[in-house]
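> Model the following, please.
(one chain, ligands or ions: 2)
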Amino acid sequence: MHTIAVMGAGKIGEAVISGLLRSGWPVDRLVATERWQERADELTARYGIRMLSNAAAVEAADVILISVKPQDAGILMAEIGPIMPTGKLVVTLCAGLPISFFEKFLPTGTPVVRVMTNTPAVVEQAMTAISAGPHATGEHLAIAEEMFAPLGRTIRLPESQQDAVTALSGSGPAYFFFLVEAMTDAGILLGLPRQVAHDLIVQTAIGSAVMLRDSGEHPVKLREAVTSPAGTTISAIRELENHGVRAALLAALEAARDRAREIADQST
Ligand SMILES: NC(=O)C1=CN([C@@H]2O[C@H](COP(=O)(O)OP(=O)(O)OC[C@H]3O[C@@H](n4cnc5c(N)ncnc54)[C@H](O)[C@@H]3O)[C@@H](O)[C@H]2O)C=CC1
Ligand SMILES: O=C(O)[C@@H]1CCC=N1
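Ligands and ions are numbered 1, 2, ... in the order given. Presented below is the predicted three-dimensional model:
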C-alpha cells in the first residue's frame, strides 16, 4: 500500500483526505502539509492525520499530491523539487498548470499524473479526470484512480483535454449553484417564501440529475417530455433563448478554458 502526502490541505486537499479515510484508507498511510499552523491543528483534530513539513512529507510518502493553488505551485515545487528522490509519483490537481511545468522541478523521468476533480467530492459524487504525463505508466494511472475512486467517478483522458475538463466539470458545480441561486430568486419574485423556493429547486435539481444519470435518455428528450404544446414550459424556454442563455454558456466555458491557458502562460 502507498503512503500519500497531501501538499497544501485546503478545500480540495481536505476532500481527498476525508474521502480516502471514509473509504478505509489507513490514516498512518496518509500525511499532509499546510502553511498555516492553525489549519494544520484543525486537520489533525478532525482526522488524526500527521501534519508534516513539506520536506518531511516528501520523504515519508511515495505519492505526492500537489493541491496548492496554481499561483503557489512554483514556490512549493522550488522547495521540494531539489529534495525529491527519483521514483516517487507526483499527482497534480492544479488548474491550468501542465505536466511539463512540474517536470521542470523534478528529477528526469519522474512520473507525473494530472488530475481535475470537483467539489462534489465532499459527498462522494466528484467527477475526476486523470491524465498521464510522458513518464507515467498504466500502473501510475491506476494509483491515481485508487485515490480518487472513493470520491466519485473517474475517467482517463489525454492531457490536451484537461483545460476543457477544468472549464466544464472542474468549475461546473459553480454554474449549477449559480443557477439554483437565480431560480430561487425567481421563485421569490413569483411570491414564494425563500425557504420554500430553495427546497423546491434543490429537489428539482436532484431529481433532474438522477434522471440524466439513470434514464439513459438524451437531455433534449427529457426536456421535451416536460414541454407541453402551448404550455407553460415553452413560454419560459422562449425567454431563455431570447436572453441568449445557451450562447452565454458557450462563451462562459470558453472563458474558463482561456483562463486555464492564461494560468499556464503566466507560470512559464
Ligand atoms: N476548488 C475547486 O473546486 C477545485 C480546485 N482545484 C485545484 O485544487 C487546488 C487547490 O484548490 P483549493 O483546495 O480550492 O485551494 P485552497 O486555497 O483551499 O487550498 C490550498 C492550500 O494550500 C496551502 N498552501 C499553499 N502553499 C503552501 C505551501 N507552500 N506549503 C504548504 N501548504 C501550502 C494553503 O494554505 C491552502 O490551505 C488548486 O490548484 C485548484 O486549481 C481542482 C479542482 C476543483
Ligand atoms: O476556479 C478555479 O480555478 C478552480 C479550478 C476548478 C474549480 N475551481
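> State whether Ile155 and Ala129 are indeed in contact, as I suppose.
Yes: counting by C-beta atoms under 8 Å, Ile155 sits close enough to Ala129 to count as a contact (5.3 Å). Yep, even glycine has a C-beta here, placed from its N, CA and C like the rest.
> More neighbours: which of these two?
Ala129 (25 against 13; other C-beta atoms under 10 Å).
> Shouldn't that one be within a strand?
Yes: judged by DSSP: H, G, I helix; E, B strand; the rest coil, Ala129 forms part of a strand.
> Look up how far ligand 2 lies from it.
Distance of Ala129 to ligand 2, computed by C-beta to the nearest ligand atom, to the nearest Å: 11 Å.
> Find the nearest non-adjacent residue to the single nearest residue of the stretch 151-268 of the chain relative to ligand 1, please.
Proximity of the stretch 151-268 of the chain to ligand 1 (C-beta to the nearest ligand atom) peaks at Gly170, 4.7 Å away. Closest residue to Gly170 apart from its sequence neighbours, by C-beta to C-beta, 6 or more residues apart in numbering: Met116 at 4.7 Å.
> contacting residues around that neighbour?
Leu93, Ala95, Thr128, Ala129, Gln162, Val165, Thr166, Ser169, Gly170 (C-beta atoms under 8 Å, 6 or more residues apart in numbering).
> so how far is Thr233 from it?
Distance of Met116 to Thr233, given as C-beta to C-beta, to the nearest Å: 34 Å.
> what's the burial count for Val196?
Applying other C-beta under 10 Å, we find 12 other residues in the vicinity of Val196.
> tell me the mean pLDDT over the one helix or strand it maps to?
Here Val196 sits within helix 194-214, counting by DSSP states H and E. For helix 194-214, the mean per-residue pLDDT is 98.
> Please compute how far that helix lies from its chain's middle.
22 Å (C-alpha atoms, centre = their mean, to the nearest Å).
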